[in-house]
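[1] sharing a sequence plus its predicted fold:
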There are 2 protein chains.
Amino acid sequence: MVKVNVMKEMTGIIEEKTIEPEQFCEYIGNTIKVHGSIYKIRKMSGFAFVLLRTKRDIIQCVYGEEFSSFSLSEIVEECCVIITADVVKEERSKTGVELRLVDVEVLSRPVMESPIVINNKKVDTSIENLLNYRPITLRNEKERAIFKIQEGLCQAFRTYLTMQRFTEIHTPKIVYAGAEGGANIFQLDYFGKKAYLAQSPQFYKQMMVGVYERVFEIAPVFRAEKHDTSRHINEYTSVDFEMGYIQSFEDIMQMETGLIQYAMRYLEDEYHYELELLKVKLPKVSEIPTIRFMEAKELIANEYHREMKDYEDFEPEEEKLLCEAIKKKTGSEFIFVTHYPTKKRPFYAFEDPEDQEVTLSFDLLFRGLEVTTGGQRIHNYDMQVAKMKERGMTVESFESYLMMHKYGMPPHGGLGLGLERFTSKLLLQDNVRLSTLFPRDINRVTP
Amino acid sequence: MVKVNVMKEMTGIIEEKTIEPEQFCEYIGNTIKVHGSIYKIRKMSGFAFVLLRTKRDIIQCVYGEEFSSFSLSEIVEECCVIITADVVKEERSKTGVELRLVDVEVLSRPVMESPIVINNKKVDTSIENLLNYRPITLRNEKERAIFKIQEGLCQAFRTYLTMQRFTEIHTPKIVYAGAEGGANIFQLDYFGKKAYLAQSPQFYKQMMVGVYERVFEIAPVFRAEKHDTSRHINEYTSVDFEMGYIQSFEDIMQMETGLIQYAMRYLEDEYHYELELLKVKLPKVSEIPTIRFMEAKELIANEYHREMKDYEDFEPEEEKLLCEAIKKKTGSEFIFVTHYPTKKRPFYAFEDPEDQEVTLSFDLLFRGLEVTTGGQRIHNYDMQVAKMKERGMTVESFESYLMMHKYGMPPHGGLGLGLERFTSKLLLQDNVRLSTLFPRDINRVTP
């Protein structure tokens, strides 16, 4: 019998030789090792401040000729190192300690200096450069804080929906038909057949309501929109949920209100460092007012003496003005606009039984921008087929979508929230790209 | 001044009129309302069992002419209903109670009966039908349990990685170049330019190691492989992590071992119902053995008297035999195979300083199938450029990828785990499609 030459058994334990910032206080008076990148070297006379970038923190270390056993010239910014340092109590520091550099082991060195200065308070360059040099500019303290906050939003959304008994699903992004209609869809050669990139998980999340009643997904969606604006990107992260057995489409808005309330509390508790760094003032969300679409149109027209042109949609300027007016009148930076015209909503939107010109749908506007679209969906098979025929759609092409209606569906609805737009508005940015890790737009597919 | 006609303020609270199964015990002796779908009606003489499908449970209700105020003919299977029922203590029931049906409100009715019986213990049909009727067949108790377990895996993976200080990221799926090389990539017309669907988040997660040191992403990836086998699908959910400042490539395997250990405990704690239902026996993962690729090849050749043909890769049959042999010898259903030949690994794989013919890489095999590929990556700019040139690659095309190496990167590595494959092997299935919600393969892009 052959012997199994097992090299080593993995046990799940990594022997760490370095200390994390959270543990520094336990080591006062001791010498420790810490790993990280040299973020900034600030030379003074006879000593220097060396800032070390770790997973989440920027740690201030002190280099001094009398206690450091190496030459400062051995390190440059963006070197990856393991430092050996004495831990000294220092109450003014965030970690509660000061690290006095004793020695340094250089693990790697940059080949050259970055053409863009990344270690100032802010990366001072054009948005083009900021995005072209994304792998480097994200190393800036404030840049990376943006995406920690985005992580916090995701975690909060998932936790809240899980507590509300939603099931997490993974639906396909290569699809046989677009859910949102229109030409804004990327086409793909799928082994000689036509296929598309999903504009939203709409069809699938509805199907899954028939299975789990409440489902959610946080995943990429793709829109082939040719707009080149500060609020459009062609691939974004959509926070989608869909829920069955609703008593009214207001249940969906209540759920979203609870979701956002929870997320704001969560950021406050878990992302205090990044909120401080970016000077974020979280919006108040104890309640969110609602207004009907037509009343919102009238309000804007009257309040700002504007002529109403488009009766079926908002102009971007109108969204801004509406938010301004609502904030002035109610204090809320969020507003649910409800009852959008049937003409402008997709074929699965549920019409208001009291007025078929409008749907039981809504958008959520936040600081001047639409961040969510949602509503009740048609759950009755005959009603859905009739509406599709009315719109001249080929019912047969949607056979697998209509299967759920045919074999029984509860009243249901849901929404999609754009994660990057939401983050961007939360941080008071003027361009959604600033909250997109690697944005895709009509001119950009790199890095 | 115009009055803001606020309809209603959303407060985040939904007034629920129905009770969830977890609360049934609090209502013994009372009459409650519960919503759900009629899963099965089992007529007996003078009474009937009515099974109600709720978010996660199948609730047994009793219909009896003496206490039910409606006719059983008013309901059919897959009706969506709100039942009114008396709660009676019943210790043999999972919920601890029996529900005696008093009344029923029908919210919706199926148009016709499903052509496939979904409410038996098992959906007894071909895999083709199972997948063609996915929106309906997933309503089966056991079918939907599969994806609850998958949800549990995801939750566990995320929680563990977050505890280990990984940052969650969202990287683009529309990309300018493939990370894995080869022709297995979907091409896209991106506003008149060529773009591709990401085969993995490889480039991006490496870049983000320079930012956060440890990152992870659970997201779709796309492989244009023409294989039509039980283990290939063309879109799958990849659990990716990447970590910096590793001391050895073994750190990555240790991290994965810890991850899987945590996930198994988590399923045991939180998904007991589904594990029971599907009769899942969780594998033991207190340690996972490792074996070098060439030694594994020899072991299989000797143990099973097979001729060794391919010296650079495993045949699928060899993966099965290796797992069988390892289980026999060590009891482990997992095996890390390490040191894969350099020729067969991508251009970013780190070569073993002691033998450049092999890389510091690994696969994790589980019950006969590769479920993870991982390894250490090249972090040195000159080394990476040299290797790309050696392979005849156009270095200029990878400018934005190489930016991180140029401006400094720590030693790092990571892995990708196929969520569907892992689920499928955990459940002892013989086809990965059975653990894929809506599979995409060379012949299937619907539903």
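    Structure received.
[2] now the most centrally placed residue in chain A: how far from A:P447?
    Closest residue to the average C-alpha location of chain A: A:L419 at 3.2 Å, with Cα atoms, centre = their mean. From A:L419 across to A:P447, the span is 20 Å (Cβ to Cβ, to the nearest Å). Using the backbone N, CA and C atoms, a C-beta is placed for each residue, glycine as well.
[3] for A:I41, same thing?
    For A:I41, the distance to A:P447 - Cβ to Cβ - is 27 Å.
[4] so those two - more neighbours on which side?
    Neighbour comparison, A:I41 and A:P447: the larger count goes to A:P447, with 22 against 17 (by other Cβ atoms under 10 Å in any protein chain shown).
[5] what helix or strand is that one on?
    Using DSSP states H and E, A:P447 maps to neither a helix nor a strand.
[6] how many residues are close by A:K121?
    9.
[7] for it, which non-adjacent residue is spatially closest?
    A:K142 (7.0 Å; Cβ to Cβ, 6 or more residues apart in numbering or on different chains).
[8] that neighbour: which element?
    helix A:141-163.
[9] quick check: angle from that helix to helix B:141-163?
    150 degrees (axes from the mean of the first three to the mean of the last three Cα atoms, to 10 degrees).
[10] the next helix or strand after helix A:141-163 pairs with which strands?
    Once the chain leaves helix A:141-163, the next helix or strand it forms, by DSSP H and E, is strand A:167-168. Its sheet considered, strand A:167-168 pairs with strand A:214-222 (parallel) by DSSP bridges.
[11] where's the partner strand relative to the chain centroid, distance-wise?
    In this view, strand A:214-222 has its centroid 12 Å away from the chain centroid, taken as Cα atoms, centre = their mean, to the nearest Å.
[12] what distance do you get for the residue of the stretch 201-350 of chain A at minimum distance from chain B to A:E298?
    Residue of the stretch 201-350 of chain A nearest chain B, by Cβ to the nearest Cβ: A:G258 (3.5 Å). Using Cβ to Cβ, we find A:G258 at a distance of 30 Å from A:E298.
[13] just A:M243 next, same as before
    Distance of A:M243 to A:E298, given as Cβ to Cβ: 31 Å.
[14] got it, and A:Q164?
    Counting by Cβ to Cβ - A:Q164 and A:E298 are separated by 35 Å.
[15] the strands in the stretch 251-400 of chain A, which residues?
    For the stretch 251-400 of chain A, the strands defined by DSSP state E, counting those that start in this stretch occupy A:288-292, A:334-338, A:351-352, A:355-359, A:361-366, A:369-377.
[16] give me the nearest residue to A:L107, chain neighbours excluded.
    Closest to A:L107 by Cβ to Cβ, 6+ apart is A:C80, at 4.4 Å.
[17] mind checking the backbone torsions on A:F166?
    Reported as degrees, to the nearest 10, the phi and psi values for A:F166 are phi -90, psi 150.
[18] show me what contacts it?
    For A:F166, the contact set (Cβ atoms under 8 Å, 6 or more residues apart in numbering or on different chains) comprises A:212, A:214-216, A:241, A:243.
[19] hmm, back to that, what residues does the residue nearest to A:L107 make contact with?
    A:35-37, A:106-108, B:244-245, B:408-411.
[20] do the same with A:L99
    A:24, A:32, A:34, A:52, A:59-62, A:83, A:85-88.
[21] contacts with chain B among those, please.
    Among the contacts of A:L99, no residue is within reach of chain B (Cβ under 8 Å from any Cβ of the partner chain).
[22] reformat those as JSON lines; add secondary structure, pLDDT and neighbour count.
    Shown next, in JSON lines, are the contacts of A:L99 (DSSP: H, G, I helix; E, B strand; the rest coil; pLDDT from 0 to 100; neighbours: other Cβ atoms under 10 Å in any protein chain shown):
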{"residue": "A:F24", "secondary structure": "helix", "pLDDT": "96", "neighbour count": "25"}
{"residue": "A:I32", "secondary structure": "strand", "pLDDT": "98", "neighbour count": "19"}
{"residue": "A:V34", "secondary structure": "strand", "pLDDT": "98", "neighbour count": "23"}
{"residue": "A:L52", "secondary structure": "strand", "pLDDT": "98", "neighbour count": "22"}
{"residue": "A:I59", "secondary structure": "strand", "pLDDT": "96", "neighbour count": "22"}
{"residue": "A:Q60", "secondary structure": "strand", "pLDDT": "95", "neighbour count": "20"}
{"residue": "A:C61", "secondary structure": "strand", "pLDDT": "98", "neighbour count": "21"}
{"residue": "A:V62", "secondary structure": "strand", "pLDDT": "97", "neighbour count": "19"}
{"residue": "A:I83", "secondary structure": "strand", "pLDDT": "98", "neighbour count": "26"}
{"residue": "A:A85", "secondary structure": "strand", "pLDDT": "98", "neighbour count": "29"}
{"residue": "A:D86", "secondary structure": "strand", "pLDDT": "98", "neighbour count": "18"}
{"residue": "A:V87", "secondary structure": "strand", "pLDDT": "98", "neighbour count": "23"}
{"residue": "A:V88", "secondary structure": "strand", "pLDDT": "95", "neighbour count": "13"}
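[23] pick out whichever of those sits closest to B:F191.
    For B:F191, the nearest member of the contacts of A:L99 is A:L52. The distance, counting by Cβ to Cβ, is 42.4 Å.
[24] helix or strand right after the helix or strand where A:Y401 lies?
    Element membership for A:Y401 (DSSP H and E) is helix A:399-406. On the C-terminal side of helix A:399-406, the closest following helix or strand by DSSP H and E is strand A:412-418.
[25] that following strand: which residues count as buried?
    For strand A:412-418, burial by neighbour count (16 or more other Cβ atoms under 10 Å in any protein chain shown) applies to A:412-418.
[26] what of stretch A:363-383?
    In stretch A:363-383, counting by 16+ other Cβ under 10 Å, buried: A:363-381.
[27] the domain parsing of chain A - what is it?
    A:21-108, A:141-435 (automatic domain parsing).
[28] which one of the ones you listed lies nearest to B:D124?
    domain A:141-435 (17.4 Å).
[29] quick one: end-to-end length of that closest one, please.
    14 Å (Cα to Cα, to the nearest Å).
[30] done for today, thanks.
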